Every structure is written in C-alpha cells, then in structure tokens.
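Visitor: Give me a model of this one.
(chains A and B)
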Amino acid sequence: MTAKRQSWGIVDLGRVPYEEAWALQTRLVEARADGRLPHDVILALEHPPVFTLGKRGGRECLLVPEERLRRSGIGLVQVERGGNITYHGPGQLVIYPILHLLQLGIGVVDLVDRLEEVMIRTCAGWGVRAQRNPINRGVWVGPKKIGAIGIAVRRGVSFHGMALNVDPDLAPFSWIQPCGLQGVGVTSIAAEAAAPAGMAEVKGEVRAHIEAVFQIGLEALERRELLRLRSPSAETPCGNDVPAPAECRERVRG
Amino acid sequence: MKELSELTFPENLRYAESHEWISPGGSPVRIGISDYAQDQLGDVVYVELPEAGKTLAKGAPFGSVESVKAVSELYLPVAGKVVETNAALADSPELVNKAPYGEGWMIAIEPANPEEVDALLTSQAYREKLKG
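Guide: Down below sits the predicted model:
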C-alpha cells in the first residue's frame, strides 16, 4: 500500500439507552463539524428495547397500541434519520458512524452502500448469504431483513447508522409492519447460521470489515475520552481534548 | 455518481460551500441544491421545507431532503425571509434530481443583506472547490 491509511476512533459503548446515545451522537456531530472532535468516530453499541420512527414517521406501521408499548416499558422515539419505523433491542449490534462526509468526499448513497457491504461481509463470515434489495435498502436474507439502515447528515457529518440482528428476540419486530411490504419478515445471524453467533465475535468482524470497506484503520477509544469534549461556548479555545488516533493527529489541521 | 466534468453549474448562479445555489440579482431570490449535491444524495424521496413568512439567519437549517434512507439537512446560504416554497416538491421530490436549477428549486427568500448573495461562490470558484 502506498497511501497511509487514515485512522478513525471506535468506541464500544456496551448497552446504552436510546436517548442517551442519541444525545451523545448529537454532541459528537457538532464537535466533529466544529473540528473540536478532530477525527471520525464509530460508535458500537446495543440498545435496550425501543422502537424509533424516522423523520417521516411510520407510526401507522405500528401494529399494536402505543399503550401496550408503555406497559411493556418499551419506548417510542421519533428521530431525524431517514427510513421508517424500526426496532432496536439487546442482541442487535448498532453502529453509528460519526463521519465528516464532506471532508471524506463520501456521499450518502456511497455511505449506505458501504454499510450494507459491511453487513453482507459480516453475515458471510457465519455462512449467511445476505444481499441487497434494489427496492428496499438494508440487507436481506431472502425475504427477511437481517440488517437495517437509517442515516442523518447534519453540517456535513453523518449520524444514526446501521443495525445488524445478531441474536435479538425477534418477537418485537412482529409488532411493526415494514411499510408497504408484504410477505417480508425479519431474521438474525443466529437464526440463519449453523454456528452460534456471539455479540463480541460479530462486533470484531464488523470492525474488521469497516476497516476493509472504508479502507481506514480503527483505534479503540474509551468512552470518557469522547465525553471530555468541551462545549462550543467554553472560554478556552477549542482544544483537541480527545486524543486522536496517531495518524489522525497528523491529518488534522495538517 | 457522475464525474465532476459531467455536472453543470450555471454561470448566472452563486453557490455555497454547503452545496446550495442562489439566483442573484433582485429580490426575492430562489434557492435550491446544486447538481453535485443532488448527485451525491441519490434519488430524493422527500423534501421538507420551511413555512413562508419565516425569517432565518445565515447558515440556519431551512429544511431537509431524504434519499436512500438518509436525511440531510439544508442550510440557508444568506439571511432572509422565506416568501415562497416550491409546492411541487411535495408530490414530485424527484424534480430535485431531474432539474436542480429549474423545477427542483426549493425556496424563495428576500435576502436581509443583498451583499451576502454577491459574496457567495461563482460557478467557476465552486467548481474549483469541488476539485479540492
């Protein structure tokens, strides 16, 4: 390889409530756009059970009364991403790429395409043949969806992202209807693969495929390193509070 | 995606680094997104625009476009008051892809500071920016 590979950070957040991860993303997007966060970051996490609605809603595709969600302690959150209603829960690997698309020269079509590729390659590692569907983005095994995508772009920086079903409880998916689609279902790597699919292993594979598909290197960051970012109004000029992965330090403001 | 040489940037318009265009001269002025922006977004399936009468600051988000499962915010290149929005985009968001400088226009505003319009990039300067 001739060109030096860029480094992005990757943070394993574990299980995080939806709103908390959303607030963190919002902060990181602003910081990335301002340059206070000097490198791109991938957040890897799982959510407790929650349904989320895209920018254009999707409430009509919820097949059970909202009251039932409340009784079950499952939230319903409307967010700014593209796409329709979706479910997140334990056993589903969620990846939020906070990428400065403008600087990377990656358009959203390209980003969606690459995230699909990461999921397809990951599934292949467990012998699961996942494919794109020209009509509906995301990744499918036959008529069953195994990975979903919903992106938002603010100030040239991406957030929200992809959700890959590793081994989640698939029952809550039956509470929603993939809009306008008949005869489709949902599946997971665990349901399709002969070998067991553990979250840690899948996470490791996803990480390696992100590096290959985006042609970058990923360096693990601690969550607290992200939280140390100063707010834009802080009196001190924006500092590079977050230690950038080594190669980023050269790239930024270079 | 298209090569830069295949994209058009009409000489009579001004461009923002966030890829919006504006039609200079007089008031109100029309605003939309550039050929480059629509190409990067892919097929636009929904356009969200502000209500007429709203006054917005320079750089404020004025709406969003949804394409391939992605929602991207739009930014106002100059301060001003929204006087009209392109109602045709509600039923035909694909106009943004088909005719980004024509039928795919988004909003018309009365600029608060007309000199802000002139300070935006010319077609040539915008193309140079895109070359990087």
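Visitor: give me every residue that touches the residue of chain A found nearest chain B.
Guide: In chain A, the residue that lies nearest chain B is A:Gly107 (3.3 Å; C-beta to the nearest C-beta). (Each C-beta comes from the backbone N, C-alpha and C, glycine too.) Taking C-beta atoms under 8 Å, 6 or more residues apart in numbering or on different chains, we find A:Gly107 in contact with A:101, B:1, B:39-42.
Visitor: doesn't B:Ser23 make contact with B:Ile109?
Guide: No - contact criterion C-beta atoms under 8 Å: B:Ile109 and B:Ser23 do not qualify, at 10.5 Å.
Visitor: Which residues are in contact with each of these two?
Guide: B:29, B:31.
Visitor: If you count surrounding residues, which of those two has more?
Guide: Between B:Ile109 and B:Ser23, counted using other C-beta atoms under 10 Å in any protein chain shown, the more crowded position is B:Ile109 (28 against 18).
Visitor: How is the closest residue to B:Asn97 other than its chain neighbours assigned, secondary-structure-wise?
Guide: Among residues not flanking B:Asn97 along the chain, B:Gln38 sits closest, at 5.0 Å (C-beta to C-beta, 6 or more residues apart in numbering or on different chains). Under DSSP: H, G, I helix; E, B strand; the rest coil, the three-state class of B:Gln38 is helix.
Visitor: next one: B:Pro93
Guide: Applying three-state DSSP: B:Pro93 is coil.
Visitor: Kindly report the residues of chain B close to chain A.
Guide: Residues of chain B lying near chain A by C-beta under 8 Å from any C-beta of the partner chain: B:1, B:18, B:39-42, B:46, B:48, B:61, B:64, B:66-73, B:75, B:132.
Visitor: Run a quick neighbour tally on B:Ser5.
Guide: Neighbours of B:Ser5 (other C-beta under 10 Å): 6.
Visitor: Ok, the one 5 residues further on next?
Guide: Counted with other C-beta under 10 Å, the neighbours of B:Pro10 add up to 14.
Visitor: one step back: pull up the per-residue confidence for the residue nearest to B:Asn97.
Guide: Model confidence at B:Gln38, given as pLDDT, is 94.
Visitor: Wait, B:Ile22 touches B:Pro77, no?
Guide: Yes - counting by C-beta under 8 Å, B:Ile22 does reach B:Pro77; the two are 5.6 Å apart.
Visitor: Need the residues touching each of the two.
Guide: Common neighbours of B:Ile22 and B:Pro77 (C-beta under 8 Å, 6+ apart) are B:14, B:16, B:31, B:120.
Visitor: All the strands of chain B, in order from the start?
Guide: Shown for chain B, the strands assigned by DSSP state E span residues B:14-15, B:20-22, B:29-33, B:44-48, B:55-56, B:61-67, B:70-75, B:80-85, B:107-111.
Visitor: now these in a markdown table, with distance to A:Thr187 and mean pLDDT?
Guide: Listed next are the strands of chain B as a markdown table, based on distance: least, C-beta to C-beta, whole Å; pLDDT from 0 to 100:
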| stretch | distance to A:Thr187 | mean pLDDT |
| --- | --- | --- |
| strand B:14-15 | 46 | 96 |
| strand B:20-22 | 41 | 96 |
| strand B:29-33 | 37 | 96 |
| strand B:44-48 | 26 | 93 |
| strand B:55-56 | 45 | 96 |
| strand B:61-67 | 26 | 93 |
| strand B:70-75 | 24 | 92 |
| strand B:80-85 | 42 | 96 |
| strand B:107-111 | 43 | 96 |
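Visitor: and these as JSON lines, adding distance to A:Asn84?
Guide: Listed next are the strands of chain B as JSON lines, based on distance: least, C-beta to C-beta, whole Å:
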{"stretch": "strand B:14-15", "distance to A:Asn84": "33"}
{"stretch": "strand B:20-22", "distance to A:Asn84": "27"}
{"stretch": "strand B:29-33", "distance to A:Asn84": "24"}
{"stretch": "strand B:44-48", "distance to A:Asn84": "11"}
{"stretch": "strand B:55-56", "distance to A:Asn84": "29"}
{"stretch": "strand B:61-67", "distance to A:Asn84": "11"}
{"stretch": "strand B:70-75", "distance to A:Asn84": "12"}
{"stretch": "strand B:80-85", "distance to A:Asn84": "25"}
{"stretch": "strand B:107-111", "distance to A:Asn84": "26"}
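Visitor: what's the closest of those strands to A:Ala220?
Guide: Counting by C-beta to C-beta, A:Ala220 lies closest to strand B:70-75 out of these; the figure is 27.2 Å.
Visitor: ok, residues contacting stretch A:195-209?
Guide: Contacts of stretch A:195-209 (C-beta under 8 Å, 6+ apart): A:10, A:12, A:42, A:44, A:46, A:91, A:93, A:95, A:117-119, A:121-122, A:125-127, A:164, A:166-167, A:188-190, A:218.
Visitor: Please list only the buried members of those residues.
Guide: A:10, A:42, A:44, A:46, A:91, A:93, A:95, A:117-119, A:121-122, A:125-126, A:164, A:166-167, A:188-190, A:218 (16 or more other C-beta atoms under 10 Å in any protein chain shown).
Visitor: Give me the distance between the closest residue in space to A:Val166 that isn't next to it in sequence and A:Glu219.
Guide: By the measure of C-beta to C-beta, 6+ apart, the closest residue to A:Val166 outside its immediate chain neighbours is A:Val202, 4.8 Å from it. According to C-beta to C-beta, to the nearest Å, A:Val202 stands 20 Å off from A:Glu219.
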